[in-house]
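S.K.: okay, sequence plus prediction incoming.
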Amino acid sequence: MVEEKYEMSSFLKELTVHVEEMLDTEINILRMPDIPQRGILLDIYSSEKNTKNTIIFSSQQVGLIKDYVIALNSIRLLLKGVAHKNGTYKVLSFDQEMATGGMEQIYLDILKDTTTRALDLEMKKKMMFYIYLLFYETIIDLPFDILANMIIANICPEMRNAQVYYLLKESMRDMHDLVSYKAVIPNRYFVMHNAMFYARDLLLANRMSEYKLNPMINIPELKKFKNLNMMELMTQRWEKSAWYQTKLVGDYLYDNLIKMNIPELFSNSNEADYLRMYGQGTGIINTWIKMLYLQNFYFWDTPEHQEITQKNKDNIETIARNRIFNEE
């Protein structure tokens, strides 16, 4: 059973018991300060250092928002655990060669962009690995967040108001995370990064029948494109807008998500259903990597490889920069 230190709604208790029974495990739930809004999941499948499956939520979160964050991480745990039980659990990782090639491509894009080519060399060097890791961390998490939210919407409809409230705020944060860095990030990467969140919001708005989650409604910079006709959108004025380009790429990613026919899962779903959903998550990652031309940036490997890579990422960055600039 879940270690209950906090008051939880009945439907969250049912969900966590369901996850525990599916995985034959216990979930340890902790409240701590200075925790990201989405919470932290420490699971035994991703690292041998984790001896318990633990979900940590922020001490600032209460009521159904707290329950929603616990539910989100419970579903993420469930998908990982089912894949691990069936021997199909892999994680996205990278190595020295991949990082060097990816950073070199990012550097070339920095030089091609009319804004970032004027940056001093030290800033260009700094942005190479920042952008490389930014896309890595986003693309490994976002597809499974999409799936977890779709499952929660069906399994725990009582959480709908809290879920939508959270997603609206999360969307605003995600879509504006890079705005303050726009002068030092090539437009291509700003657009691609925001497009993934645009596709998420559009899909969840569609699947949850929550019109207000639509980024054309929720994001101020995108509202202006909602009522423009095609001729107006094709004007040179809009073609140069990073937000309009975000809409185009986001629509492209969203259309592909729709074609994947992601299944609806409900409370009577079994292990095979969750395993298929996990496969959908890895499928989205593979597809987005190809669509965004990142297929030479990352690869699938074991959690152990990922853990070693994370420990050595500072060294990987240094060696990659030395190779790219012939500073060895």
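M.R.: Structure's in. What do you need? Numbering: from 1, shown residues only.

S.K.: and the pLDDT at the most centrally placed residue in the chain?
M.R.: Centroid-nearest residue in the chain: Leu142, 2.0 Å away (criterion: CA atoms, centre = their mean). We have a pLDDT of 96 for Leu142.

S.K.: so what's it closest to, chain neighbours aside?
M.R.: Met196 (5.6 Å; CB to CB, 6 or more residues apart in numbering). Placement of C-beta: from N, CA and C, glycine included.

S.K.: and for Arg323?
M.R.: In space, Arg323 is closest to Thr100, 5.4 Å off (CB to CB, 6+ apart).

S.K.: Gly283 too?
M.R.: Per CB to CB, 6+ apart, closest to Gly283 is Met260, 6.5 Å.

S.K.: before we move on, what about Leu202?
M.R.: Tyr254 (4.6 Å).

S.K.: spit out the contact partners of the one you found.
M.R.: 198-199, 202-203 (CB atoms under 8 Å, 6 or more residues apart in numbering).

S.K.: for it, helix, strand, or coil?
M.R.: With DSSP: H, G, I helix; E, B strand; the rest coil as the basis, Tyr254 sits in helix.

S.K.: show the pLDDT at the residue nearest to Arg323.
M.R.: So Thr100 comes in at 96 (pLDDT).

S.K.: same thing with the one 3 residues further on?
M.R.: Reading off the per-residue confidence, Met103 sits at a pLDDT of 96.

S.K.: what is the burial count for it?
M.R.: For Met103, the neighbour count with other CB atoms under 10 Å is 24.

S.K.: confirm Asn261 sits in a strand?
M.R.: No - going by three-state DSSP, the assignment for Asn261 is coil, not a strand.

S.K.: would you mind measuring from it to Ile131?
M.R.: 32 Å (CB to CB, to the nearest Å).

S.K.: same check, this time on Ile319
M.R.: 18 Å.

S.K.: these two - which one has more neighbours?
M.R.: For Ile319 and Ile131, the more surrounded residue by other CB under 10 Å is Ile131, and the numbers stand at 26 against 15.

S.K.: ok, the more buried one - contacts?
M.R.: 106, 185-186, 189.

S.K.: hmm, back to that, dump the contacts of Tyr254 into TSV; add neighbour count and secondary structure as well.
M.R.: Below are those laid out as TSV (neighbours: other CB atoms under 10 Å; DSSP: H, G, I helix; E, B strand; the rest coil):
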residue	neighbour count	secondary structure
Tyr198	29	helix
Ala199	27	helix
Leu202	22	helix
Leu203	21	helix
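
S.K.: which one of these is nearest to Lys13?
M.R.: Leu203 (28.6 Å; CB to CB).

S.K.: let me know the pLDDT of the closest one.
M.R.: 95.

S.K.: which parts of stretch 188-206 are buried?
M.R.: 188-205 (16 or more other CB atoms under 10 Å).

S.K.: then stretch 87-99?
M.R.: Those buried within stretch 87-99 under the rule 16+ other CB under 10 Å are 89-94, 98-99.

S.K.: what comes into contact with it?
M.R.: Residues from elsewhere that reach stretch 87-99, judged by CB under 8 Å, 6+ apart: 45-46, 80, 83, 102, 129, 132, 136, 139-140, 275, 278-279, 282, 285, 296-303, 305-306, 309, 316-317, 319-320.

S.K.: name the SS class of the residue lying closest to Val82 once chain neighbours are set aside, please.
M.R.: Excluding the flanking residues, the one nearest Val82 by CB to CB, 6+ apart is Tyr274, at 4.4 Å. Three-state assignment for Tyr274 (three-state DSSP): helix.

S.K.: again, but for the one 4 residues further on
M.R.: For Tyr278, the assignment made with three-state DSSP gives helix.

S.K.: mind showing which ranges of the stretch 151-300 of the chain have poor pLDDT?
M.R.: 228-238 (pLDDT under 70).

S.K.: let's see it at 50
M.R.: Along the stretch 151-300 of the chain, no part satisfies pLDDT under 50.

S.K.: re earlier: hang on, the residue nearest to the centre of the chain packs against Asn194?
M.R.: No - under the criterion of CB atoms under 8 Å, Leu142 is not in contact with Asn194, lying 11.7 Å apart.

S.K.: which residues touch the residue nearest to Gly283?
M.R.: 280, 283-284, 287.

S.K.: just those residues now: which is nearest Ser9?
M.R.: Nearest member of the contacts of Met260 to Ser9, counting by CB to CB, is Gln280, at 27.5 Å.

S.K.: and the helices in the chain, which stretches?
M.R.: 10-23, 63-85, 96-112, 121-155, 160-176, 187-207, 215-218, 220-223, 230-233, 236-239, 242-259, 271-291, 303-311, 313-324 (DSSP state H).
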